[in-house]
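A.B. asks: Show me how the following folds:
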Amino acid sequence: MTYSGIEKRRFAQLLEWGADDDELRRFFAETRLQLIQRGAKVQNPPHGKPARIRMLAQGLPQATDRVVQKWFGEHLKMLDPKSVDELLADLRLYEEAGESPPEDEAKRLARSCLVHLFSTDPPSDLLSFLRPAQAGGAVDPPEAKEAPMPTPNGQSFDTLSEELGRAIVALAEGRDPDEFLSSLPPSTAAFVAGVQAVRNARYEDVQIAIEALDHQQAVRSLLAEYATRKASARSSGEARGLQMLSFAHPGEAFAFDIDRDEVLAVCTRDFPETTVFLHPSAIRAADGPWIDLSDNEYRKKLFYSSGDLIAFSGGRDIPRQPKRGEIGIWRVAENEGSNPGHRTNFHISSDKTLVYEVRDVPFDSSNHDAVREYIKHAVGEGRTSVTPLLFLLRDQLIVGSPAGKDLTRDEGFDAGLPSWHALTAFRLEGRAFVPGPLPPSGIYECEALASSLRKLFAGEYWGTDKPTKALTRKLQDLIASGAPKLSSERAARLRAELTTIDEHEGAMSALLDEVMRDPRIGVRVDKLVEAKVDLLVAQKEKLHKSVQQLEQKQAELLETRRQAEREQKAIAPAIAKAIRAAFDRARADALGTLGEVVVFKTLIDELVEQPAPPVGTIPPPSRPADPREGTSIVRSAAGAGQPIVETLRALGVTPKAARAIAAVGTMARECGLMLIVDGLAGSVAAEAWLSEGDKSGTVLECGFGETDDRAIRAVLGDAPVALAILDANFSPFDVYARPLVDAVLRRMAGIHDRSFKARVLLSMAEGAAALPLPTVAESLSLRVYLDHIPVFLQEGEAEAWIEEIEDMEEPVEWFAKLWKPAKTKVLNYLRSLPVEEVAIILAALEVAQSSGKRP
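C.D. replies: Model (predicted):
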């Protein structure tokens, strides 16, 4: 039975991609006794990653699940695993497409999955997906087979098995023989694994191997004596390969020196630029030791209160912000004005010290061409990686990348690669890293033969001769003389290649002549030539069609241009004709007006000559009406008091967006600001807002070209509970509504008359007649937009916005427009709300900023 009933094939895939072989080895070494007590057959632990995965996926009884969960839950870590929902979405996407994810993505998905599986409460959705009921017709991995034991009637005891031979060669070359041990007899496998453990100073594995050889005392003593001699020699010998660091747990005596100590951290978020966060993993103390920061409580106590660091943006003296997933070593400093009320109170204060990821190369340093090609492939695959790479060869030599060289091309290896015999390293999330700065390096030569020849031909020692075929012998002598200053290994490789060419060049020419006489070869060559000709003809036809299409397009453009020129020429007479007609109409109107004046004057003169009537017999003439009166209409609001959220939903607004818009309206009312309702049904929503409470407000329908403020003064004189100005931008707002603007300004500043408490709503009109809203009105208003769905923020983003808005050099547009007293009231109001309410308010205001702009 697999762990938690998971389908075997999927569990094996997760372990293959998400767990490091060193983690699997340590699991069996540290839990062997517990597994045996629960019925697992691991008296001889499995060797090699495939055998360990098979044992975990199908060889452990169900009683060991608790041991597996506890060990991996404590030791298999990941800084920012994907959430379960994202993880399931990605896994189903790849499964439905029938594709495998890229290597880096596969490792991230698998490790995130393992982190969730080995948690104290594994997600039920993830378990359901991975169990056989959801796994379709997946095929289980093959069962591990025991190695057959030789018998007297079968294979001879003197026969050396291939696996044992390969294991011995691997030991001799300094490689790990684990992959060859699964097919060997248990005692032989235990002995070979013990020898390798002694070579690598893995003393726990040495002890397990010695215990497995209890029934063979002579071999057991031999291994124990070798371990003792090696331990003694190691104390005075030179180390090779990666020397793994051990992070110490912080004790009471440790004190973090912020001026001298450095922090190893990983960037967990790089967008937006104002919220770039890093997760500290360890401290490199100035006096040498490394301190582990995996304890969340200690880390949060040290870097209160979130335990994270922030990377500020901009500024000449501010370090570069890292990218997500980037790992490095920085010094840190405490933020100015930090206090426990803020989540993040420390920032990186120095340039990054590089940290290098180590990739294994399955070749020895003597196999130059294989090493070069493997590194070219690895660098090409890792172009998107933000972490520089080092490469650990199979014989423990470590090589790096020369500065400014492209290692995806042979030319990048011309100057050799920097190399080290030993470097200190640490493991993080199953990967090996080397902390910088790196010590002085040697040079590892692995350039291509063609590169070596190019350097030889370019040298001054070549003289006036040209490198023709006749000079092969001279080239060999030149290499042997040492003048080109090649390494001995490189010189030997060049001499061997040139000797082969010299010995077989004539034979190769003769062979080619004979081959070309074969009719089958001639037919094949003719077919290849014909195919190439057909390809070129097809390309020619394609180019010809493209030329025809371009010529047709050119003709169409020329015709369009000529048509435009004709229309342009016709415009001038039409304009002149229109101007003449306008002047004729104006002249006629002027004459008509003069005639009306003469008639009017005659009538007045006749009335003046008549005797005055007795007092009281004729009423006094009424005052002519002001033509501006009656342009705007003042009336009571219509509606039945329905909640505004229901009204907004009836107008097509989504439920969550309606709740966000209603929350902005409440904030505008509480802060004393005007609320601008923008959208197709903005006037309907603004009027409905007035009818939401027990008392109905006043509606002013703004007319076109209104410049008199008497209507607004009359409305304000009645002290309405709420006022809605519909189509407020049909007239200049700062002219006809100046008394209202002054009242809101006084209310915001808290001076003079505080009796003005009316809620003010404005609806905006669209079209050619619409005017822009003046800046003073924008500075006293909040705007909502009905026709676009907001992009809602996460609670953490809203909380970061509240903390950092006052420090932003360029805050969001809607907030930047507000009058300073209005900004203060808005911030105080937002800080008094729950963070989830703040998130939806910010989303509604952001969509108004991005979608509701007007000319």
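
A.B. asks: now Thr424, what's its secondary structure?
C.D. replies: strand (DSSP: H, G, I helix; E, B strand; the rest coil).

A.B. asks: quick one: the nearest residue to it once chain neighbours are set aside from Ala432, how far?
C.D. replies: Setting aside the residues directly before and after it, Thr424 is nearest to Gln243 in space (C-beta to C-beta, 6 or more residues apart in numbering), at 5.0 Å. (Glycine included, C-beta is placed from N, CA and C.) Gln243 sits 11 Å away from Ala432, going by C-beta to C-beta, to the nearest Å.

A.B. asks: Between these two, which is the more surrounded one?
C.D. replies: For Gln243 and Ala432, the more surrounded residue by other C-beta atoms under 10 Å is Ala432, and the numbers stand at 19 against 12.

A.B. asks: wait, isn't that one in contact with Val358?
C.D. replies: Yes. Contact status for Ala432 versus Val358: in contact at 4.1 Å, counting by C-beta atoms under 8 Å.

A.B. asks: which residues do these two both contact?
C.D. replies: Residues touching both Ala432 and Val358 (C-beta atoms under 8 Å, 6 or more residues apart in numbering) are 242, 392, 425.

A.B. asks: Show the contacting residues for the first one.
C.D. replies: So the one you mean is Leu242. Contacts of Leu242 (C-beta under 8 Å, 6+ apart): 358, 392, 396, 398, 422-425, 432, 434.

A.B. asks: Which SSE is immediately downstream of the helix or strand of the chain with the lowest mean pLDDT?
C.D. replies: The helix or strand of the chain with the lowest confidence, counting by mean pLDDT, DSSP states H and E, is helix 488-516 at a mean of 56. As assigned by DSSP states H and E, the chain's next helix or strand after helix 488-516 is helix 519-609.

A.B. asks: Packing partners of the helix or strand just after that following helix?
C.D. replies: The C-terminal neighbour of helix 519-609 among helices and strands, as given by DSSP H and E, is strand 633-636. Packing partners of strand 633-636 (3 or more C-beta pairs under 8 Å, 6 or more residues apart in numbering; DSSP states H and E): strand 698-701, helix 710-717.

A.B. asks: One more pass at 6 Å, please.
C.D. replies: In terms of contacts (3 or more C-beta pairs under 6 Å, 6 or more residues apart in numbering; DSSP states H and E), strand 633-636 is packed against strand 698-701.

A.B. asks: Using CSV, write down the CA coordinates of the strand it packs on.
C.D. replies: The C-alpha atoms that make up strand 698-701 are tabulated as CSV, following Å, rounded to 0.1, in the frame of the first residue of the first chain:
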residue,chain,number,x,y,z
THR,A,698,-33.4,66.6,-3.6
VAL,A,699,-32.7,66.1,-7.3
LEU,A,700,-31.3,68.9,-9.6
GLU,A,701,-31.3,68.1,-13.3
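
A.B. asks: Could you tell me which strands that strand is paired with, and in which direction each runs?
C.D. replies: Using DSSP bridges, strand 698-701 pairs in its sheet with strand 633-636 (antiparallel), strand 722-726 (parallel).

A.B. asks: I'd like to know which of those is closest to Ala224.
C.D. replies: strand 722-726 (91.9 Å; C-beta to C-beta).

A.B. asks: what pLDDT, on average, does the closest one get?
C.D. replies: Averaging pLDDT along strand 722-726 gives 89.
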